[in-house]
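> need coordinates for the below:
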Amino acid sequence: MSIWKAGASTTSVWRRRSWLRFAAGGVLAPILPWAEKLLAATAPFQFADTAGAAGLGRARNQSGPAVDKQTLLEEMGQGVALVDYDNDGWLDIFLVNGNAAPCFLFRNNRDGTFTDVSRQAGIADTAWGQGCCAGDYDNDGFTDIFVSGWNRNRLYRNNGDGTFTEVARKAGVAGVGHWGAGCCFLDYNRDGLLDLFVASYVRFDPASAPKPGAAPSCRNLGLAVPCGPVGFSGGANSLYRNRGDGTFEDVSESSGIAQPRGAAKPVFAPTRWQHQGSYGMGAVAADFDNDGWPDIYVACDTAPSLLYRNNHDGTFREVATPAGCALDENGAALGGMGAATGDLDGDGWLDLVRTNFHGQTTTVYRNNRNGTFHDASLGSGLGVNRQYVGFGLGVADFDHDAEPDLFIANGHVYAQLATIQSHVKYRQRRLLYRNNGLGRFTDVSAQAGAGIQAEHASRGCALGDLDNDGSLEIVVNNIDESPSLLRNRVRPAGNALLVRCTGVKSNRSAIGTRVRVTVGSRVRLAEITSGSGYYSHNDLRLHFGLGSATQAGRIDIRWPSGLEEVAVNVTANQILHFEEGRGLVRKEPFRR
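Residues are numbered from 1 along each chain as shown. Prediction:
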């Protein structure tokens, strides 16, 4: 039996970890606070913001007035993508902009600095951007970039010569009249061509939008603030099927994506959102039930979040409520912002993480290994921080101990809060949670360096290895400011691997490819995704911390086509290049 069908190779690891979690909640409970304080004090993180020195300072975000924002649109901010657009093996930086201002593209100079190539690359089209995701939708070997936005999306087709052509209308994905939010490329029908999912936030017209203070819901701490999303109808999410000729067919209705609320509705739910769209924000597509087909999860704002389960026949079924990932453990809908996935506990099944509004806990949904989830947020230690509005979100092993950590970019939506003295801040610090391997996370933000503790109104963030040294950097798009580039000044003690995959029968970007790395008795699973967190897109290469191990005993690859390949006894601290049908074709040592 294939290890991908039922997680057979990880059963003993799961049982051992389950016992440890039981012990942590029982006989070990009295010493957990002491152990977590020790873990925080010894955390190997010192993140510094190097954006200015790297040449990113001129990329100022624009999103309405910086102080007195008038509408919901001006508050939401934008995302960021890390893509190797010129195929030189180094990640470049793409920043979405608002205010109908051009986006930014920075080419990696391979020396820690970046050059603004936006104009010469053709990234000059203007529209109010929101999110971004990337993938090679035409399978020509060069990564294309999609930008969602209010009233119009953009699709930048990579010409392969360092330039892009904006083709959204021609390709059929412009989404005119919609508010495009989180997005992701995925091959939902497994035909080797990347399709496109776009979440939609609310139905919004700035000309008729109520003014700040116009209703009780448009006031906060005595201040008149922009109204929404309460009072607006939710948007309709979109799915575009790739025809293979450079164009897409809108299959939102026929696939079941556009009207997800028809099946199960919580009987106690308020009627406001039952038939009025989804209020979709962050989106992530991955195989959550281990059946070999990609599903789609959408974090929704003030409404139940969505899980579209793939029916294998070109249609989806919305199952978030019965699957346990629509609401919190008390049955309440939260102000969902970003959504990300990762195997948090090493059981071979992908878990979900979602950022939420002020006064709410960041949500961790643990996979029950049967197509359902349970809310493990408080048991995971995330209830210690409720004073933030979480947006950007990343799941990654920053210290290379083989346990994925959590990074969260925060910032309130009400810019008016910056004008008063209050316990609720507009600009907020970031959060870094270290995974202690026992099913809990420890907040190490206070010890993680000035780049984490600095206060900004942050929105989207993307993670990737910008200098190919094996350690991960974080790029954050800050509203009304230049971006942050966070580098860890402390080299992780553990070893790591970076895995790059190229599809042949599968889509060229290998989106949907699953990789398992086995080190001794420990197994880590990751899947290549396009679009994640809040409106953003991470490095398409998969990063695995190995702890003190100097090699991975086994690497299993499952391509979207169903082909499975294996590499054994692979030395650590390398970039590994896998090609579908040929296996491991090239290895490059990390640059140190």
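
> now the strands for the stretch 1-150 of the chain?
Counting by DSSP state E, counting those that start in this stretch, the stretch 1-150 of the chain has strands at residues 47-49, 80-83, 92-95, 104-108, 114-116, 128-135, 144-150.

> show me what the fourth one pairs with in its sheet, parallel or antiparallel.
Sheet pairing for strand 104-108, assigned by DSSP bridges, gives strand 92-95 (antiparallel), strand 114-116 (antiparallel).

> buried residues, that strand. List them.
104-108 (16 or more other CB atoms under 10 Å). In short, each C-beta sits where N, CA and C put it, glycine included.

> check the second one too.
By neighbour count on 16+ other CB under 10 Å, the buried set for strand 80-83 is 80-83.

> of these, which is the nearest to residue 346?
Lowest distance from residue 346 to the buried residues of strand 80-83 (CB to CB) belongs to residue 82, with 25.5 Å.

> find the nearest non-adjacent residue to that closest one, please.
Nearest residue to residue 82, sequence neighbours excluded (CB to CB, 6 or more residues apart in numbering): residue 464, at 4.0 Å.

> next up, the contacts around the one you found.
Residues in contact with residue 464, defined by CB atoms under 8 Å, 6 or more residues apart in numbering, are 82, 91, 472-473, 475, 538-539, 541.

> redo those residues as a markdown table? Include secondary structure.
Compiled in a markdown table, the contacts of residue 464 are given as follows (DSSP: H, G, I helix; E, B strand; the rest coil):
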| residue | secondary structure |
| --- | --- |
| 82 | strand |
| 91 | coil |
| 472 | coil |
| 473 | strand |
| 475 | strand |
| 538 | coil |
| 539 | coil |
| 541 | coil |
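
> of these, which is the nearest to residue 402?
Distances from residue 402 to the contacts of residue 464, taken by CB to CB, are shortest for residue 472, at 14.2 Å.

> now that closest one. Its backbone dihedrals?
Backbone geometry at residue 472, expressed as degrees, to the nearest 10, gives phi -100, psi 140.

> ok, it - contacts?
Counting by CB under 8 Å, 6+ apart, residue 472 has contacts 396, 398, 463-465, 488, 543.

> most neighbours among these, which one?
residue 398 (30 neighbours; other CB atoms under 10 Å).

> do you know how far the residue lying closest to that residue once chain neighbours are set aside is from residue 193?
With CB to CB, 6+ apart as the criterion, residue 398 has its nearest non-adjacent residue at 5.0 Å, and that residue is residue 405. Separation of residue 405 from residue 193 (CB to CB, to the nearest Å): 34 Å.

> neighbour count: those two, which is higher?
residue 405 (25 against 20).

> ok, that one to residue 244 distance?
From residue 405 to residue 244 the distance is 39 Å (CB to CB).

> then residue 499?
Counting by CB to CB, the gap from residue 499 to residue 244 is 27 Å.

> with residue 287 instead?
Taking CB to CB, one finds residue 287 at 23 Å from residue 244.

> if you count what's nearby, which of those two comes out ahead?
Neighbour tally, residue 287 and residue 244, criterion other CB under 10 Å: the higher count belongs to residue 287, 21 against 13.

> my read is that residue 44 contacts residue 492, right?
Yes: with contact defined as CB atoms under 8 Å, residue 44 and residue 492 form a contacting pair (6.1 Å).

> so residue 377, which state does it fall into?
coil.

> doesn't residue 416 belong to a strand?
No: in this structure, residue 416 is helix, not part of a strand, as judged by three-state DSSP.

> can you report how many residues lie near it?
19.

> list the contacts for it?
Contacts of residue 416 by CB under 8 Å, 6+ apart are 67-69, 212, 220, 223-225, 426.

> and with 7 Å instead?
Going by CB atoms under 7 Å, 6 or more residues apart in numbering, residue 416 touches 68, 223, 225.

> tally of neighbours for the nearest residue to the last one once chain neighbours are set aside?
When you say that, I think you mean residue 225. Leaving aside its chain neighbours, residue 225 sits nearest to residue 414 (4.5 Å; criterion: CB to CB, 6+ apart). Around residue 414 there are 22 other residues, counting by other CB under 10 Å.

> would you mind measuring from residue 414 to residue 454?
In terms of CB to CB, residue 414 sits 20 Å off from residue 454.

> in stretch 166-186, what's buried?
Buried, per 16+ other CB under 10 Å, within stretch 166-186: 166-168, 171-175, 178-186.

> which of those residues fall in strands?
The strands, defined by DSSP state E, take in 166, 180-186 from the buried residues of stretch 166-186.

> tell me the one among these nearest to residue 126.
Nearest to residue 126, judged by CB to CB, of those is residue 166 at 10.3 Å.

> quick one: that closest one from residue 156, how far?
Remark: distance between residue 166 and residue 156 (CB to CB) = 6 Å.

> kindly report the same for residue 91.
Residue 91 is 17 Å from residue 156, by CB to CB.

> output the lowest mean pLDDT helix or strand found in the protein.
Of all helical and strand segments in the chain, the minimum by mean pLDDT, DSSP states H and E falls on helix 11-25, at a mean of 44.

> next, format the buried residues of strand 80-83 as TSV and append pLDDT and distance to residue 374.
TSV is the format used below for these (pLDDT from 0 to 100; distance: CB to CB, whole Å):
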residue	pLDDT	distance to residue 374
80	98	32
81	98	32
82	98	32
83	98	35
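
> what's the helix or strand for residue 474?
In the assignment (DSSP states H and E), residue 474 maps to strand 473-478.

> average pLDDT across that strand?
For strand 473-478, mean pLDDT rounds to 98.

> that strand: how far from the chain's middle?
12 Å (CA atoms, centre = their mean, to the nearest Å).

> taking strand 104-108 as reference, get the angle to that strand.
Relative orientation of strand 473-478 versus strand 104-108 (axes from the mean of the first three to the mean of the last three CA atoms, to 10 degrees): 160 degrees.

> who does strand 473-478 touch, helix- and strand-wise?
Applying 3 or more CB pairs under 7 Å, 6 or more residues apart in numbering; DSSP states H and E, we find strand 473-478 packed against strand 80-83, strand 458-464, strand 484-488.

> look up how far residue 545 lies from residue 493.
10 Å.

> those two: which is more packed in?
When residue 493 and residue 545 are compared for neighbours, residue 545 comes out ahead with 27 against 11, by other CB under 10 Å.

> gap between the more buried one and residue 586?
Residue 545 is 22 Å from residue 586, by CB to CB.

> same question, residue 369
In terms of CB to CB, residue 369 sits 35 Å off from residue 586.

> what does residue 384 give?
For residue 384, the distance to residue 586 - CB to CB - is 44 Å.

> now the residue nearest to residue 225. Its backbone dihedrals?
The phi/psi pair for residue 414 (degrees, to the nearest 10) is phi -90, psi 100.

> show me the contacts for it.
By CB under 7 Å, 6+ apart, the neighbours of residue 414 are 220, 223, 225, 426.
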